[in-house]
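A.B. asks: Got a sequence here, can you build the structure:
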Amino acid sequence: MVRYTCMYKNLIFDLDGTLIDTVGDISFAINEALESIGLPQRFDLEGTKRLIGNGADMLVRRALLEEKDNEELFIKLKQAYGPRYKKYQDTNSFPYPKMVETLKELKRLGKRLFVVTNKPDELAKTILKHHFHDLFDYIQGDQAGTPLKPDPYSVNSLIEKNKLDKNETIYIGDSIVDIETGKNAGIAVILCLYGYGIYDAKTVSKADYSIDNPAQILSIVCE
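C.D. replies: As a prediction, the model looks like this:
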């Protein structure tokens with residue numbers, strides 16, 4: 001049985017599959033990009049979820065299936081996908097139920113809220129501003145030349161910039177990448193079982209906490 005604690009003052013969130021369900025837009029963009037360069041494979045929503053994680057470049061490679069090591073195709077698909085996703089982002093993306101209300105309550109209780117995501121920095125800030133306005137204290141997206149999650153660079157950089165105590169900080173995400181990110185940074189992790197991850201017993205056991213819906217975050221970080 002999980003023993004809840006009130007020690008966490010700082011909450012760092014993943015974005016895709018944790019805060020916002022973005023799979024519809026990603027699916028549409030990658031399928032159109034594949035069609036534009038003459039490749040036959042297409043991905044439904046469940047198939048697209050398996051592509052997500054480790055950043056846009058890895059998503060593109062995974063979409064190439066057995067041709068993932070073909071650099072010419074990778075470059076073509078990356079060039080086709082990027083502008084399309086930028087165009088379609090937020091066409092069919094929505095915060096998970098109870099997410100906005102939960103974040104507002106966390107802010108009311110004095111918690112500091114942050115985002116670290118592998119989504120490109122500009123796109124991350126745009127979609128988060130649209131759905132959550134100014135609820136987040138700081139947003140760290142993918143910037144050229146910096147390591148992606150599960151490397152702890154972005155989380156550690158955010159912690160340092162904002163002078164956070166790691167003992168009072170927790171990472172919240174929906175996949176094994178997020179669990180590894182938090183553990184690599186030396187902070188606790190909440191795994192969101194409603195997201196895009198594969199939730200077998202082994203994966204779930206690696207997180208400090210797991211939740212079925214956003215409102216349960218309050219039970220973990222508040223009395």
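
A.B. asks: Centre of the chain to the lengthiest strand in the chain, how far?
C.D. replies: In the chain, assigned by DSSP state E, the strand with the most residues is strand 112-120. In terms of C-alpha atoms, centre = their mean, to the nearest Å, the centre of strand 112-120 is set 7 Å apart from its chain centre.

A.B. asks: Would you mind getting the angle between the following helix or strand past it and strand 112-120?
C.D. replies: Moving toward the C-terminus from strand 112-120, the next helix or strand (DSSP states H and E) is helix 121-132. Here helix 121-132 runs at 130 degrees with respect to strand 112-120, directions being taken by axes from the mean of the first three to the mean of the last three C-alpha atoms, to 10 degrees.

A.B. asks: and helix 121-132, C-alpha only, in CSV?
C.D. replies: Written as CSV, here are the backbone C-alpha positions of helix 121-132 (Å, rounded to 0.1, in the frame of the first residue of the first chain):
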residue,chain,number,x,y,z
ASP,A,121,10.6,23.8,-27.1
GLU,A,122,8.6,26.3,-29.2
LEU,A,123,5.8,23.8,-29.8
ALA,A,124,5.6,22.8,-26.2
LYS,A,125,5.3,26.4,-25.0
THR,A,126,2.6,27.2,-27.6
ILE,A,127,0.3,24.3,-26.7
LEU,A,128,0.8,24.6,-23.0
LYS,A,129,0.1,28.3,-23.0
HIS,A,130,-3.1,27.6,-25.0
HIS,A,131,-4.5,25.0,-22.6
PHE,A,132,-3.0,26.0,-19.3
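
A.B. asks: Could I get the buried residue list for that helix?
C.D. replies: Residues 121, 123-125, 127-128, 131-132 are the ones in helix 121-132 that count as buried (16 or more other C-beta atoms under 10 Å). Where C-beta positions appear, they are placed from N, C-alpha and C, glycine not excepted.
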